[in-house]
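Student: Starting from these lines, generate the structure:
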Amino acid sequence: MNHIVQTFSPVNSSQPPNYEMLKAEQEVAMLGAPHNPAPPTSTVIHIHSETSVPDHVVWSLFNTLFMNTCCLGFIAFAYSVKSRDRKMVGDVTGAQAYASTAKCLNIWALILGIFMTILLVIIPVLVVQAQR
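Tutor: Predicted structure coming up:
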């Protein structure tokens, strides 16, 4: 086996050699000087994914918890989850179809929920005024 012994002599003999300087010299000796003096360049590629389909899960969950008229909120939530599943698999067309159905059901659940809330407030008020 060949053993290479390197001796480092400090420039100024009154100070011991600096460890970091010795390590840097060893790395330069092992790796060598850079071959290309030009600065390195990098290329950034932005890949736009076509899977930006809104799945309306939060809206469906809101309608399920607060305005679940005729179970439309729950059905919309089921379609929203199906849309999210299709999106995760990569089926953009299926995700858009389920999302469109969920959006339509959410709109109807919201309209019917607001209508029912208004009726539940107005009818008792009218009944109380009629009894006076």
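Student: Could you use CA atoms for every contact and neighbour count after this?
Tutor: Noted.
Student: element containing residue 44, please.
Tutor: Here residue 44, judged by DSSP states H and E, is contained in no helix and no strand.
Student: for residue 85, that is, sorry about that
Tutor: Assigned by DSSP H and E, residue 85 belongs to helix 72-89.
Student: Quick one: mean pLDDT over that helix.
Tutor: Across helix 72-89, pLDDT averages out at 94.
Student: Just the angle for whatever helix or strand comes next after that helix relative to helix 72-89, thanks.
Tutor: Per DSSP H and E, the first helix or strand lying C-terminal to helix 72-89 is helix 92-131. Helix 92-131 and helix 72-89 are oriented at 160 degrees to each other (axes from the mean of the first three to the mean of the last three Cα atoms, to 10 degrees).
Student: I'd like to know which elements helix 92-131 is packed against.
Tutor: Packing partners of helix 92-131 (3 or more Cα pairs under 8 Å, 6 or more residues apart in numbering; DSSP states H and E): helix 57-66, helix 72-89.
Student: Looking only at the longest one, what residues are buried by neighbour count?
Tutor: Of all the residues in helix 72-89, those buried under the rule 16 or more other Cα atoms under 10 Å are 72-87.
Student: neighbouring contacts of it?
Tutor: Applying Cα atoms under 8 Å, 6 or more residues apart in numbering, the contact partners of helix 72-89 are 51, 53, 55-57, 60-65, 67-68, 92, 94-99, 101-103, 105-106, 108-109.
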